[in-house]
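>>> Model the following, please.
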Amino acid sequence: MPGIDKLPIEETLEDSPQTRSLLGVFEEDTAATSSYFSQLFRAMQRIYDAQNELSAATHLTSRLLKDYEKQRFPLGGDDEVMSSTLQQFAKVIDELSSCHAVLSTQLADAMMFPITQFQERDLREIVILKEVFQIASDDHDTAINRYSRLSKRKENEKVKNEVMEDVYTSRKKQHETIMHYFASLNMLQYKKKMALLEPLLGYMQAQVQKYKRENIFGLTCLLKH
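Presented below is the predicted three-dimensional model:
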């Protein structure tokens, strides 16, 4: 619905067909947001897992190169030149492994953390609030039904007061929960934009810093030789 950016919290007490319809649109949008971010989360998790695997594999390669001189090959003999060369390679690859490990940490902090927070905190909060609102609405309907049955038969004042108090309390709770629910749905429209941009910016910044480190590392290697 173009031009609609928030639920009217001031109209929660009216419970009009227009408000119910608009609430349905926001709930539909929330469901679509949840589905999309679940896919995005899995894609970013694959990036993070792949980076961790690259870091671990690079470190293992470096360690194996360092262990070459300890190996005893029946036909290899003592090749000091090869052993020395591989030791130099191991040092370079070890430095690259450190770069990959730093990138893994940055991806965890700058990419995975914000999107995980959105998934587990913000979207989960909407689900919980919807459940709480539904329970409050059911309780209010039950109280109204009890009150409607009172009007058809004679009851003592104590029972009437208890039922009317129950109607008032349940209505108040329903109003509070729906206001909180509406406010959270409205806030989600802002949060989902930040939840989309923040991990993407974190990912790109981490990659840029990685290339800078690799360029500095490459220049250092050239200067040594």
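>>> where are the low-confidence patches of this structure?
Scanning the chain for pLDDT under 70 picks out 1-4, 15, 76-78, 151-156, 213-225.
>>> Quick one: the helices in it, in order.
Using DSSP state H, the helices of the chain run over 17-66, 80-107, 113-117, 124-150, 157-224.
>>> how about the third one as PDB, C-alpha atoms only?
Included here for helix 113-117 are C-alpha records, laid out as PDB according to Å, rounded to 0.1, in the frame of the first residue of the first chain:
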ATOM      1  CA  PHE A 113      26.100 -10.200  14.500                       C
ATOM      2  CA  PRO A 114      23.600  -7.500  13.200                       C
ATOM      3  CA  ILE A 115      21.600  -9.900  11.000                       C
ATOM      4  CA  THR A 116      21.500 -12.500  13.800                       C
ATOM      5  CA  GLN A 117      20.300  -9.800  16.200                       C
END
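>>> Ok, which of the helices of the chain comes nearest residue 8?
Closest of those to residue 8 is helix 17-66, at 6.8 Å (criterion: C-beta to C-beta). The C-beta positions use only the backbone N, C-alpha and C, and glycine is treated the same way.
>>> Could you list every helix and strand in contact with that closest one?
The helices and strands touching helix 17-66, judged by 3 or more C-beta pairs under 8 Å, 6 or more residues apart in numbering; DSSP states H and E, are helix 80-107, helix 113-117, helix 157-224.
>>> now it and helix 157-224, what's the angle there?
30 degrees (axes from the mean of the first three to the mean of the last three C-alpha atoms, to 10 degrees).
>>> residues touching the residue most central in space within the chain, list them.
Note on the chain: the residue nearest the mean C-alpha position is residue 116, at 2.4 Å, using C-alpha atoms, centre = their mean. By C-beta atoms under 8 Å, 6 or more residues apart in numbering, the contact list for residue 116 reads residue 41.
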